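Student: structure for this input, please:
(2 chains)
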Number of protein chains: 2
Amino acid sequence: MSAYAAPVRDMRFVIEDVVGLGRVAALPGLEGTDGDLLEQILAEAGKLAGGVLAPLNEIGDRQGSRLENGVVRTPDGFADGYRQFIEGGWNGVAFEEEWGGMGLPWLVATALQEMWQASNLAFGLCPLLTQAAIDALREVGSEEQKRLYLPKLVSGEWTGTMNLTEPQAGTDLAAIRTRAEKMDDGSYRLRGQKIFITYGDHDFTDNIVHLVLARSPDGIEGTKGLSLYIVPKFLVNPDGSLGARNDAKPISVEHKLGIHASPTCVMAYGENEGAVGYLVGEENRGIEYMFIMMNNARLAVGLQGLAIAERAYQQAVDYARNRVQSRALQGSAGPVSIIHHPDVRRMLMTMKAQIEAMRGLIYDVAAAIDVADRHPDATERRKAQARVDLLIPVAKAWCTDAAVEICSTGVQVHGGMGFIEETGAAQHYRDARITPIYEGANGIQALDLVGRKVARDGGAAMDAFLVDVDATLAALAGDDPALAHLRDRLSAGRDALARATDWVVATMPKDPAAAASPSALFLKLFGLVAGGWLMARSALAARDALTAGANGDASWLETKLVTARHYADHLLSQAPSLLAAIEAGGTTVMALAEDQF
Amino acid sequence: MSAYAAPVRDMRFVIEDVVGLGRVAALPGLEGTDGDLLEQILAEAGKLAGGVLAPLNEIGDRQGSRLENGVVRTPDGFADGYRQFIEGGWNGVAFEEEWGGMGLPWLVATALQEMWQASNLAFGLCPLLTQAAIDALREVGSEEQKRLYLPKLVSGEWTGTMNLTEPQAGTDLAAIRTRAEKMDDGSYRLRGQKIFITYGDHDFTDNIVHLVLARSPDGIEGTKGLSLYIVPKFLVNPDGSLGARNDAKPISVEHKLGIHASPTCVMAYGENEGAVGYLVGEENRGIEYMFIMMNNARLAVGLQGLAIAERAYQQAVDYARNRVQSRALQGSAGPVSIIHHPDVRRMLMTMKAQIEAMRGLIYDVAAAIDVADRHPDATERRKAQARVDLLIPVAKAWCTDAAVEICSTGVQVHGGMGFIEETGAAQHYRDARITPIYEGANGIQALDLVGRKVARDGGAAMDAFLVDVDATLAALAGDDPALAHLRDRLSAGRDALARATDWVVATMPKDPAAAASPSALFLKLFGLVAGGWLMARSALAARDALTAGANGDASWLETKLVTARHYADHLLSQAPSLLAAIEAGGTTVMALAEDQF
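Tutor: Numbers count the residues shown, from 1 in each chain, chains lettered A, B, ... in the order given. As a prediction, the model looks like this:
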């Protein structure tokens, strides 16, 4: 029911003027990336997203994927949409040309991913998981594995999956029971059951490459005994042709709150002769390799949050422009469209401001990935990687928590019609709800942030972040009252974040449970401030462009100043208030006995 | 999949010790209401809610109500559940014995309503709407109408509906087109279509009493030309027996995000000979009468927010106690149930604290309704009514916004299982989403608050509220560090609310759109402070009971002190930060042109 138009103008502004395409295009191997190329790619991708994938979104929700005679059938049109997607070469844009990719910057690929996820979140999961499999194989696959699998995965001729979870092993991967037995030919036989396997089976492609975390033959307990295996749906002959059907199959598809078109499978490995698997990298380093897959997938899920929020926003704006109801408070002859009513505008402005902050943050992390991958200076690469590591849990959790709120607000803008399924706003609200859960629930992201990313290095990565915020604060100095306002709120948020960081660093060694108790609130504080930092950079970029003479763009650029100020007043202003709960630590959180709840 | 146990202990504590049963039992006609009676009633109702209605909740979601051959079929077991409900006499507990009710205080009836709504929100809507119809007929029905309809509605032998909305007339009732024509016999014939009619048809009872807002025969435009009519499904003979089928019927049932068991009907009135209707009260006073129905219904919807939040909390606690995953951060031999993990506890504590604040607030309003209805002193009645009027939009909107958040957190506590429909947590998330929408979307509540309830009397009702908060602040004075902490946060919240009130009162006459722009945030600030006030009273009541010697209840009473402190640190602490956005008024909210969104 709802159209999606890729926000190309906003994407270009963030890429070129806020994050800085120049900085990325200066990296070795990315020299050709300029504004013209960017415009062309975004426009082309926007056509596929808006014209093909977006209209499938509602069909996918209504029909869902289902298991029929042992194979998964996706909704009408999905397989054809996938065919168009890979024929356009979109599956491998950020991967090396060596494997058939386009070798584009992550910064650009991220904007494209935003389109796939916004137009059709359930569809977009399939390439997202393939990308995670590619990441793992690129980094730790053998030359033979790369040769056999990477070209097909990069082109999208085959897809990839990530198999971690078992009924007793969700967050706690140490409890994994699926096990591998070593064969004389060097291959393995896997036996066990995995749950929550996204696109564990489907009808898009001839083959599926499952990456499965399983207990190594030596049977060491805990996470130290886990290895990573390639388990293809169909075995692959040395010449790349398909061989026998492997003993790996979907045995049910979950009935979920949302993303109905994405088949969430229970996978049975080795119910008969054992599923043939091939060790990736070394034995018992599976967890380490999984994190290679997870890390980029976490950023991609944060991006899903941004994407579905943008979709919900577009739908809400469309409804608010067209639904006529009641006179304007500020006076009008007759009823007006509800976009004129203050509270509806407030909802839309807050959605818009938060979305722009999320986009800035995620694209900024993507640019840091490019720097970490390609900068000629090792120190710069290391610094960029530290920034990526610091911000990934924030991008994942803050953006997905916000997505749920924004999609909920999107329903609210529609009034009663929002609760009617045919309107489509409710689908976003349902679909978005998975994003704070998968690829590490947001509580796990928060724990990762306070533990591994902040406390472990004594706040060093955070200090480097605050130095960058201070540079932006310095740039906001001056006589412009709109920027001064932003500066004051960002400064207050920055100080609160610094104080909270000191508290985390001091508390974690003494009392980890106390430090972990408010970890989600620490993450929220960080997200608000990081978002404010990006909004400040957005406002500065807009101001500079206005000063330079905007070539008719003044009206559009001025919205960036308004949105930044709205973010400052309505969102960033909350940041310091989180200190109360953070500094309370475990006082009340850890106080009750189990039976007192 | 999830059990519901009525939180009788908490309900009694709030009724007896926080709000004060004594104050209500001192009112004329309510003298017999004591703790023993209360315990007995709550226990009995709890059995029906937990044993009969709660198990129907999931069936209702799965089957939904549907239109078959022109009549609505409710899910299996619902009609029998309704029969048990009315046989227990629960439908009319708060109404006069004259009409077959029990004449209990609203304070007590509210606790019972919490149980019906928590056990089965979709079921609970039916008596909620009947109650609204009873309210209107009690106040403005003719003696004959009261005689014919009230006993059947109070007993629940018939149910009632509210018919306001039409496709073009949601919030804007001035746009209503359904019209009434006057007949020679004094009756009317109605013609038009109404949408979103809750329980517009069903198979619980022999008859349904539709209260329909329609344009009067004189055809005056706008809301001033609307009258209220009784349109029974079956005409009622003077002896109370049923006559002919009226020309009023359901023509479709909506496919909704949640509350699937509640039939949301499109109703066609007068497709043939015209639907026979009877004028309620005077012509062209329909809007005024509708507000009689709406006002209590708004409180009841706020109560639904509390109820579904409690249900989601119980389910989340149950899961967190039973799901074993990962070792404890504070050290444990093996994996522990997740209720031991700090972020899970934080989620549960915040749910719990907010729910207790919501319960306190809603029950306090219910007690004020009793005082407004029955106090012998007219000044006291007037003061109590002013308090009710002030707090109803807050109770409705703050509690329902919180309900959506709490049910979302409930899903999150379940991790991946929360996204699987069979778990049941997702149903609460879907069901809860209607509560900020119906009976006046929360934006309308906020506008009502800042316009009619705060600005119109120059802040007088708010000043009276703040005087009560100050009395509680004075009671918090002393050496107890836990209470001092609470006092400081409540004091800061109170000051922010007072300042925001001054801003609203000063701004509304000059610039209504600016005053309305942050109205939802003003309401949130008010809700946080009002909730904090109730939590402070809860803490004081617990402290007093502990001081008096708790008879083995010390452990339970101490949780009230912990929960109050958690509320202060994690929720009330946010209140002052809302001032930034409130005092920004329309600066950014009203800044963009329509096409700049």
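Student: okay, CA-based contacts and neighbour counts for the rest of this
Tutor: Noted.
Student: residue numbers of the stretch 201-350 of chain A in contact with chain B?
Tutor: A:254-258, A:317, A:321, A:325-326, A:329-330, A:339-340, A:342-346, A:348-349 (CA under 8 Å from any CA of the partner chain).
Student: residues in contact with A:Ala312?
Tutor: By CA atoms under 8 Å, 6 or more residues apart in numbering or on different chains, the contact set of A:Ala312 is A:Ile406, A:Cys407, A:Gly410, A:Ala425, A:His428.
Student: can you give me the helices in the stretch 351-500 of chain A?
Tutor: For the stretch 351-500 of chain A, applying DSSP state H, counting those that start in this stretch gives helices covering A:378-413, A:425-432, A:442-448, A:460-476, A:481-510.
Student: ugh, typo on my part, it should be the stretch 201-350 of chain A
Tutor: Using DSSP H, counting those that start in this stretch, helices in the stretch 201-350 of chain A cover A:286-322, A:342-374.
Student: state which strand of chain A is the longest.
Tutor: Looking across chain A with DSSP state E, the single longest strand is strand A:188-198.
Student: given that one, what are its sheet partners and their directions?
Tutor: When sheet partners are counted by DSSP bridges, strand A:188-198 sits next to strand A:179-182 (antiparallel), strand A:264-269 (antiparallel), strand A:275-280 (antiparallel).
Student: dump those to a markdown table, plus mean neighbour count.
Tutor: Conversion of the strands paired with strand A:188-198 to a markdown table gives the following (neighbours: other CA atoms under 10 Å in any protein chain shown):
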| stretch | mean neighbour count |
| --- | --- |
| strand A:179-182 | 22 |
| strand A:264-269 | 24 |
| strand A:275-280 | 24 |
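Student: so which of these is nearest A:Leu447?
Tutor: strand A:264-269 (26.4 Å; CA to CA).
Student: what comes into contact with the closest one?
Tutor: A:190-201, A:247-254, A:275.
Student: may I see the ChimeraX selection of the buried members of those?
Tutor: Filtering the contacts of strand A:264-269 down to the buried ones (16 or more other CA atoms under 10 Å in any protein chain shown) takes a single ChimeraX command:
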select /A:190,191,192,193,194,195,196,197,198,199,200,201,247,248,249,250,251,252,253,254,275
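Student: now do the contacts for A:Ala568.
Tutor: Applying CA under 8 Å, 6+ apart, the residues near A:Ala568 are A:His485, A:Leu486, A:Arg489, A:Leu490, A:Gly532.
Student: give me the buried entries from the residues you listed.
Tutor: The neighbour count (16+ other CA under 10 Å) marks A:His485, A:Leu486, A:Arg489, A:Leu490, A:Gly532 as buried among the contacts of A:Ala568.
Student: in those residues, find the pair that's most separated.
Tutor: By the measure CA to CA, A:His485 and A:Gly532 form the most distant pair in the buried ones among the contacts of A:Ala568, at 12.0 Å.
Student: for A:Arg298, list the residues it contacts.
Tutor: Residues in contact with A:Arg298 (CA under 8 Å, 6+ apart) are A:Ile392, A:Pro393, A:Lys396, A:Glu439, A:Gly440.
Student: swap in 10 Å and give it another go.
Tutor: Neighbour list for A:Arg298: A:132, A:291, A:304, A:392-397, A:435, A:438-440, A:445 [criterion: CA atoms under 10 Å, 6 or more residues apart in numbering or on different chains].
Student: tabulate these in JSON lines, adding columns for pLDDT.
Tutor: Converted to JSON lines, the contacts of A:Arg298 look like this (pLDDT from 0 to 100):
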{"residue": "A:Ala132", "pLDDT": "94"}
{"residue": "A:Phe291", "pLDDT": "89"}
{"residue": "A:Gln304", "pLDDT": "98"}
{"residue": "A:Ile392", "pLDDT": "97"}
{"residue": "A:Pro393", "pLDDT": "98"}
{"residue": "A:Val394", "pLDDT": "98"}
{"residue": "A:Ala395", "pLDDT": "98"}
{"residue": "A:Lys396", "pLDDT": "98"}
{"residue": "A:Ala397", "pLDDT": "98"}
{"residue": "A:Thr435", "pLDDT": "98"}
{"residue": "A:Tyr438", "pLDDT": "96"}
{"residue": "A:Glu439", "pLDDT": "94"}
{"residue": "A:Gly440", "pLDDT": "95"}
{"residue": "A:Gln445", "pLDDT": "98"}
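Student: excluding chain neighbours, what is closest to A:Thr198?
Tutor: Nearest residue to A:Thr198, sequence neighbours excluded (CA to CA, 6 or more residues apart in numbering or on different chains): A:Thr264, at 4.6 Å.
Student: if I look at the residue with the largest distance to the centre of chain A, what pLDDT would I see?
Tutor: Residue distances from the centre of chain A (CA atoms, centre = their mean) peak at A:Ala333, which lies 45.8 Å from the mean C-alpha position. For A:Ala333, the pLDDT comes out at 91.
Student: and for A:Gly478?
Tutor: Predicted confidence (pLDDT) for A:Gly478: 84.
Student: give me the neighbour count for it.
Tutor: Summarising burial for A:Gly478: neighbours were counted as other CA atoms under 10 Å in any protein chain shown, giving 10.
Student: before we move on, what about the one 4 residues further on?
Tutor: For A:Ala482, the count of nearby residues is 14 (other CA under 10 Å).
Student: need the nearest residue in space to it, chain neighbours excluded.
Tutor: Nearest to A:Ala482 is A:Arg565, by CA to CA, 6+ apart, at 7.1 Å.
Student: tell me the buried residues in the helix or strand containing that neighbour?
Tutor: Using DSSP states H and E, A:Arg565 sits in helix A:554-570. Neighbour-count burial for helix A:554-570, counted by 16+ other CA under 10 Å, picks out A:556-570.
Student: cool, stretch A:100-111 as well?
Tutor: Residues of stretch A:100-111 classed as buried: A:Gly100, A:Gly101, A:Met102, A:Gly103, A:Leu104, A:Pro105, A:Trp106, A:Leu107, A:Val108, A:Ala109, A:Thr110, A:Ala111 (neighbour count, 16+ other CA under 10 Å).
Student: rewinding a little: tell me the one of the contacts of A:Ala568 nearest chain B?
Tutor: A:Arg489 (9.7 Å; CA to the nearest CA).
Student: give the contact list for the closest one.
Tutor: Contacts of A:Arg489 by CA under 10 Å, 6+ apart are A:495, A:529, A:532, A:565, A:567-569, A:571-576, B:580.
Student: okay, it: pLDDT?
Tutor: For A:Arg489, the pLDDT comes out at 97.
Student: skipping its backbone neighbours, what lies nearest the closest residue to chain B within the stretch 51-200 of chain A in space?
Tutor: Residue nearest to chain B within the stretch 51-200 of chain A: A:Asp172 (5.2 Å; CA to the nearest CA). Closest residue to A:Asp172 apart from its sequence neighbours, by CA to CA, 6+ apart: B:Ser326 at 5.2 Å.
Student: before we move on, back to that, any chance of the contacts of A:Ala312 in JSON lines, plus neighbour count, distance to A:Gly32 and pLDDT?
Tutor: Output for the contacts of A:Ala312, formatted as JSON lines (neighbours: other CA atoms under 10 Å in any protein chain shown; distance: CA to CA, whole Å; pLDDT from 0 to 100):
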{"residue": "A:Ile406", "neighbour count": "30", "distance to A:Gly32": "37", "pLDDT": "98"}
{"residue": "A:Cys407", "neighbour count": "30", "distance to A:Gly32": "37", "pLDDT": "98"}
{"residue": "A:Gly410", "neighbour count": "28", "distance to A:Gly32": "39", "pLDDT": "98"}
{"residue": "A:Ala425", "neighbour count": "29", "distance to A:Gly32": "40", "pLDDT": "98"}
{"residue": "A:His428", "neighbour count": "27", "distance to A:Gly32": "37", "pLDDT": "98"}
